[in-house]
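K.L.:
Dropping the sequence and predicted coords here.
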Amino acid sequence: EETLVPESYAERLPDVLNGRQCFVLDPMLATGGSIAAAIEFLFDRGAEDVTAICVLGTPEGITAVREAVGERNVTLVLGALDDGLNEQAYIVPGLGDAGDRLYGTVD
């Protein structure tokens, strides 16, 4: 949250994904950094086709993903597009913290 730089900390995928279609599921596409890193990770392992599915996204996130993936075979699916990001890079109006909602830790 402080640096906005994605960090991989739980990776359990096969070492070789040659010729596979892969899916990335992320509730929110904010800056695009995390999902772009996940997509890059899959292509580095040999994936040929990646579909990223998000409940909510931003124009900034879409632009970042487009720039990161270049001409590779990537499909981005959004349930809805919000206005953009605020100064803390939170989606506006957004949904709140997806992890808190998922794990019931909202106060």
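P.N.:
On my side now, so go ahead. Just so it is clear, the structure is predicted and the values come from calculations on it, not from any experiment.
K.L.:
Okay, helices next: where are they in this structure?
P.N.:
Under the criterion DSSP state H, the chain carries helices at the ranges 33-44, 59-69, 98-103.
K.L.:
Now distance to residue 78, mean neighbour count and mean pLDDT too, for those helices, in TSV please.
P.N.:
Just so you know, the C-beta spots here come from the backbone N, C-alpha and C atoms, and that holds for glycine as well. Shown next, in TSV, are the helices of the chain (distance: least, C-beta to C-beta, whole Å; neighbours: other C-beta atoms under 10 Å; pLDDT from 0 to 100):
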stretch	distance to residue 78	mean neighbour count	mean pLDDT
helix 33-44	11	19	94
helix 59-69	8	17	97
helix 98-103	14	11	69
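K.L.:
could I get those as CSV with distance to residue 14?
P.N.:
Below are these laid out as CSV (distance: least, C-beta to C-beta, whole Å):
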stretch, distance to residue 14
helix 33-44, 11
helix 59-69, 21
helix 98-103, 25
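K.L.:
for these, which one sits closest to residue 88?
P.N.:
helix 59-69 (13.0 Å; C-beta to C-beta).
K.L.:
Who are the packing partners of that closest one?
P.N.:
Applying 3 or more C-beta pairs under 8 Å, 6 or more residues apart in numbering; DSSP states H and E, one finds that helix 59-69 contacts strand 21-29, helix 33-44, strand 74-81, strand 84-85.
K.L.:
try it again with 6 Å
P.N.:
The helices and strands touching helix 59-69, judged by 3 or more C-beta pairs under 6 Å, 6 or more residues apart in numbering; DSSP states H and E, are helix 33-44.
K.L.:
and residue 83, how many neighbours does it have?
P.N.:
For residue 83, the count of nearby residues is 11 (other C-beta atoms under 10 Å).
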